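>>> Here is a sequence together with a model predicted from it:
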Amino acid sequence: MLKTLRYQYLSILWAIFVVIICEMPSSDISPDSFTFFEGFDKLAHTGFFFVLTVLLFHGKIKEQGSYNYRALTILKILLITLFLGAAIEVLQYSVFTYRSAEWWDLFSDMIGVGMGIFGYIFLHRNHANEK
């Protein structure tokens, strides 16, 4: 367990950053002088969770010392990120009521996770073909 946490320190720090950013009041995130386009929130969720997924895979690759493809690893990462995304939305709904909890945010989170998983599978396949 401690070995796993040692290799996942970047993903843990990123997850903490994502939770803090997602729970901040939106007035603190975007100053009045700079306006974001409609849907920027969904794009941000997708990007945050894409980076989180990549960092989780990076930690797992460093831990095992290879690019071994395991469906269980993908399932674990999918469940961890789903839980984190759902927890953020539940916190926005019940605790941080100045933020809006939306199903589309969770959907955007999972799109980012899917992109990260696809990237891992695609790069793993290319790496395995080189050997």
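Arrived safely, thanks for sending.

>>> which residues does Arg99 contact?
22-23, 25-26, 92 (C-beta atoms under 8 Å, 6 or more residues apart in numbering). For glycine as for every other residue, the C-beta is placed from the backbone atoms N, C-alpha and C.

>>> which SSE is it in?
Assigned by DSSP states H and E, Arg99 falls within no helix or strand.

>>> ok, Met115 to Ser108 distance?
Distance, Met115 to Ser108, using C-beta to C-beta, to the nearest Å: 11 Å.

>>> Also Ser94?
Counting by C-beta to C-beta - Ser94 and Ser108 are separated by 20 Å.

>>> Look at the two and report which has more neighbours.
Ser108 (22 against 9; other C-beta atoms under 10 Å).

>>> Let me know the helix or strand that Ile16 is in.
Using DSSP H and E, Ile16 sits in helix 9-23.

>>> Now do that helix, average pLDDT.
The pLDDT scores in helix 9-23 average 90.

>>> Packing partners of that helix?
helix 40-64, helix 71-94 (3 or more C-beta pairs under 8 Å, 6 or more residues apart in numbering; DSSP states H and E).

>>> pLDDT of the first one, averaged?
What helix 40-64 shows for mean pLDDT is 90.

>>> buried set for it?
41-42, 44-46, 48-57, 59-61 (16 or more other C-beta atoms under 10 Å).

>>> same thing with the shortest one?
Of all the residues in helix 71-94, those buried under the rule 16+ other C-beta under 10 Å are 73-74, 77-78, 80-81, 84-85, 88-89, 91-92.

>>> which residues are contacting the helix holding Ile16?
Here helix 9-23 has contacts from 5, 29, 44-45, 48-49, 51-52, 55-56, 58-59, 84, 87-88, 91-92, 95-96, 99, using C-beta under 8 Å, 6+ apart.

>>> Just want the angle from it to helix 71-94.
Counting by axes from the mean of the first three to the mean of the last three C-alpha atoms, to 10 degrees, helix 9-23 points 30 degrees away from the direction of helix 71-94.
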